[in-house]
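# Need coordinates for the following:
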Amino acid sequence: MSRARKGTARWHQYMADGKGAEALMTMLAEDAVFHSPVVHTPQVGRGKVFAYLDAASRVLGGQRDFTYVREIIDGDQAMLEFTLTLDGIHINGVDIIRWNDAGEISDFKVMIRPLKAVNKVWEGMAAMLSAASPPSP
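All right, here's what the predicted structure looks like:
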């Protein structure tokens with residue numbers, strides 16, 4: 001089984017559990033990079049990436065209708081398309097994930113549409129990020 005297939009299975013398990021800060025932290029490479037749909041610069045380092053992914057998983061994954069609807073997996077990368085409704089706004093997005101040789105997430109990019117969905121997600125994530133502090137690695 002490829003790194004991406006194994007990593008994708010772990011990611012799905014994390015999202016299905018709806019909790020598990022420790023599980024998320026162990027999936028991330030020390031030098032992981034997160035590309036946000038609203039922050040212009042990449043966020044670098046396990047702690048920063050954890051903060052963003054933890055907030056996103058609670059804002060998006062916490063919705064009853066959050067569903068991954070398509071996967072494209074190749075080598076060490078996967079593209080996971082998702083849909084959900086947040087405060088009456090239908091959201092469509094993709095997670096593009098790359099795993100390193102150790103099977104850890106090394107790069108995570110989120111793209112969301114339409115624009116009003118991006119704004120709604122940012123609202124929820126901003127509130128979570130301002131209230132959260134990442135656990136020690």
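# What is the distance between the helix of greatest length in the chain and the centre of its chain?
Taking DSSP state H as the criterion, the chain has its longest helix at helix 115-131. Helix 115-131 sits 14 Å away from the centroid of its parent chain (Cα atoms, centre = their mean, to the nearest Å).
# Please apply the same query to stretch 51-60.
Centroid displacement of stretch 51-60 relative to its chain, using Cα atoms, centre = their mean, is 7 Å.
# what does stretch 42-52 give?
11 Å.
# Roughly how far does V110 sit from V94?
Distance, V110 to V94, by Cβ to Cβ, to the nearest Å: 7 Å. (C-beta placed from N, C-alpha, C; glycine too.)
# Ok, A78 next?
A78 is 10 Å from V94, by Cβ to Cβ.
# swap in F82?
Relative to V94, and taking Cβ to Cβ, F82 is found at 7 Å.
# ditto for Q13
The gap separating Q13 from V94 is 19 Å, by Cβ to Cβ.
# Compare the two (neighbour count), which wins?
Shown here are Q13 and V94; by other Cβ atoms under 10 Å, V94 has more neighbours (19 against 11).
# In contact with that one, which residues?
Residues in contact with V94 (Cβ atoms under 8 Å, 6 or more residues apart in numbering) are M79, L80, E81, F82, V110, M111.
# just D107 next, same as before
For D107, the contact set (Cβ under 8 Å, 6+ apart) comprises A32, V33, H35, I96, I97, R98.
# Just the buried ones out of the residues you listed, please.
Members of the contacts of D107 that pass the buried threshold by neighbour count (16 or more other Cβ atoms under 10 Å) are listed as A32, V33, H35, I97, R98.
# from those, which is closest to D54?
Among the buried ones among the contacts of D107, A32 lies closest to D54 (Cβ to Cβ), at 12.7 Å.
# wait, what's in contact with the closest one?
V44, G45, R46, V49, E104, I105, S106, D107, F108.
# If any of those residues are buried, put those into a ChimeraX selection.
Provided next is the ChimeraX selection string for whichever of these are buried by 16+ other Cβ under 10 Å:
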select :45,46,49,104,105,106,107,108
